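Enquirer: here is a sequence with its predicted model. Questions after.
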Amino acid sequence: MDWKLSIAGFLIGGLVGMTGMGGGSLMTPMLVLFFGFKPTIAIGTDILHGAIFKSFGAIRHRRLGTVHLRLTAWMLLGSAPMSLAGVALGDWIEGRYGDGVESVQAKVLGVALVLGGAGFFAKAFLRPKAPRPGAFWLANRDRGIAVAIGLSGGFIVGLTSVGSGTFFGLMMLIIYPLATATIVGTDIMHAALLLWVAGAGHIYAGNVDFAAMGWLLIGSIPGILLTSQLTVKLPDRALRVALATTLTLGGLKLVDVPQANWVVAIGFALGALAVCFLLFKERSAHIVTATERAAQ
């Protein structure tokens, strides 16, 4: 199982390096569904793992000049304390429900994944605000919104590990006039700092499998370093739809909806068709554009 964890880490690290999304949203359910981890251990291990490997990505994006540090700091002001509140709630659930905690945590994680999938669908079809010329300076209103985003998103991350690359990136996409590459870099920088805080809480709670985390890092660190320079060069909309489909169906499986296996199978088939359609559409658009340029 060890080398399989490294392969999973490489795939997740590569995805995060290119898009700033999908780390906790995919790694935690992967640990639960495919590797048999308890939800509490999967969440804690993934959060500390994310803190370490996203730090490499954050440094890389900082050197590329794609990080808005002031926005990162204001979001962290709200998200850091609330992530610890999320960890504390998870511990309370474990103490309250005892042997039934795995079922409760799996359902909480499942709901978070469905919401995360909805966020990815939204990101697939929303266009970012046009970047302002020159540097983007935060007004008082922008700072207040950043803190509010941190307060709400940090709690979800601490409790479920989902959201560090979904919720915050979606909010920045909607609210702030930043280039897409800057949204990705800022999202990774904020996630790295936030996950260190939440990870410390999970270490204290005893929710981290350090051996598994080490094997994950063997794959995820080179993955994020190798792909950081490919930011936003992939067919973005098709990738987001694929991730949204994966997250939503994984969440439904954890929630254990009626006929979950059939729902997942049909959902993956429909998602694959949607991705193929978007790839074909984007490819056709590139061909038309190239033809028009050649004609000129």
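Expert: Sure thing, it's come through.
Enquirer: how close does Thr72 sit to Leu193?
Expert: 7 Å (C-beta to C-beta, to the nearest Å). Where C-beta positions appear, they are placed from N, C-alpha and C, glycine not excepted.
Enquirer: neighbour count: those two, which is higher?
Expert: Taking other C-beta atoms under 10 Å, Thr72 and Leu193 do not tie; Thr72 has more neighbours (25 against 19).
Enquirer: any idea which element the more buried one lies in?
Expert: helix 69-97 (DSSP states H and E).
Enquirer: gap between Phe121 and Val114?
Expert: Going from Phe121 to Val114 by C-beta to C-beta gives 11 Å.
Enquirer: between the two, which contacts overlap?
Expert: Both Phe121 and Val114 are in contact with Thr248, where contact means C-beta atoms under 8 Å, 6 or more residues apart in numbering.
Enquirer: who has more neighbours out of those two?
Expert: Comparing Phe121 with Val114 by neighbour count (other C-beta under 10 Å), the higher total belongs to Val114, at 20 against 17.
Enquirer: quick check: the more buried one touching Val162?
Expert: No: at 9.9 Å, Val114 does not count as touching Val162 under the criterion of C-beta atoms under 8 Å.
Enquirer: for those two, list the residues in contact with both.
Expert: Here Val114 and Val162 have no joint contacts, going by C-beta under 8 Å, 6+ apart.
Enquirer: for Tyr215, which non-adjacent residue is spatially closest?
Expert: Check again: residue 215 is Trp, not Tyr. The shortest distance from Trp215 to any non-neighbouring residue, by C-beta to C-beta, 6 or more residues apart in numbering, is to Leu5 (4.0 Å).
Enquirer: element containing the one you found?
Expert: Judged by DSSP H and E, Leu5 forms part of helix 2-19.
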